[in-house]
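Novice: Mind looking at a prediction? Sequence and model below.
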Amino acid sequence: MAEDCIFCKIVAGEIPAQIVDQDEHTLAFMDIAPATRGHALVIPKRHAADLWEIDEEEFAAVARSAHRLAQKVKQRLEPDGVNLINSCRPEAWQTVFHLHVHVIPRYSGDPLKLPWVPAAGNPTEIAAVADQLR
């Protein structure tokens, strides 16, 4: 547990939260600043600051829990879609430094928009980056 981590304090029961799901490794609770109706967060119970610090097995547990919650959202809230969002580091909009995945139900006409305008990229640059990642 990280002493100054609000999510670790939720796991420890020191801060109240509307818990909607949990298992041995993960906890899911309602976001207190929801983007849409039903917006929740899935976290590992053991502290990991972000995607680059969590181990593969623990992240797999988070992914399974996010999938399980997304299925509940579909069945019980009947949204038109869902976003799973993770932000890793401040440059990627991370503001709480305990890994978390947002499960955001999407409804036709809701206020959320893409954070970028999709446009065709440079094929040469795309190929060069692909080579770096292979």
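Specialist: Looks like it came in fine.
Novice: Got the confidence number for Thr26?
Specialist: At Thr26, the pLDDT value in this model is 98.
Novice: sorry, that was for Glu3
Specialist: Value for Glu3, per-residue pLDDT: 81.
Novice: List the residues that contact it.
Specialist: By C-beta atoms under 8 Å, 6 or more residues apart in numbering, the contact set of Glu3 is empty. In short, each C-beta sits where N, CA and C put it, glycine included.
Novice: all helices of the protein, in order?
Specialist: In the chain, the helices defined using DSSP state H lie at 6-11, 56-77, 123-133.
Novice: Which residue, neighbours along the chain excluded, lies closest to Ile10?
Specialist: Nearest non-adjacent residue to Ile10, counting by C-beta to C-beta, 6 or more residues apart in numbering: Ala17, 4.6 Å away.
Novice: separation between the one you found and Lys9?
Specialist: 9 Å (C-beta to C-beta, to the nearest Å).
Novice: could the helices of the chain be laid out in JSON lines, adding distance to Tyr107, mean pLDDT and mean neighbour count?
Specialist: Conversion of the helices of the chain to JSON lines gives the following (distance: least, C-beta to C-beta, whole Å; pLDDT from 0 to 100; neighbours: other C-beta atoms under 10 Å):
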{"stretch": "helix 6-11", "distance to Tyr107": "26", "mean pLDDT": "98", "mean neighbour count": "19"}
{"stretch": "helix 56-77", "distance to Tyr107": "9", "mean pLDDT": "98", "mean neighbour count": "16"}
{"stretch": "helix 123-133", "distance to Tyr107": "33", "mean pLDDT": "95", "mean neighbour count": "9"}
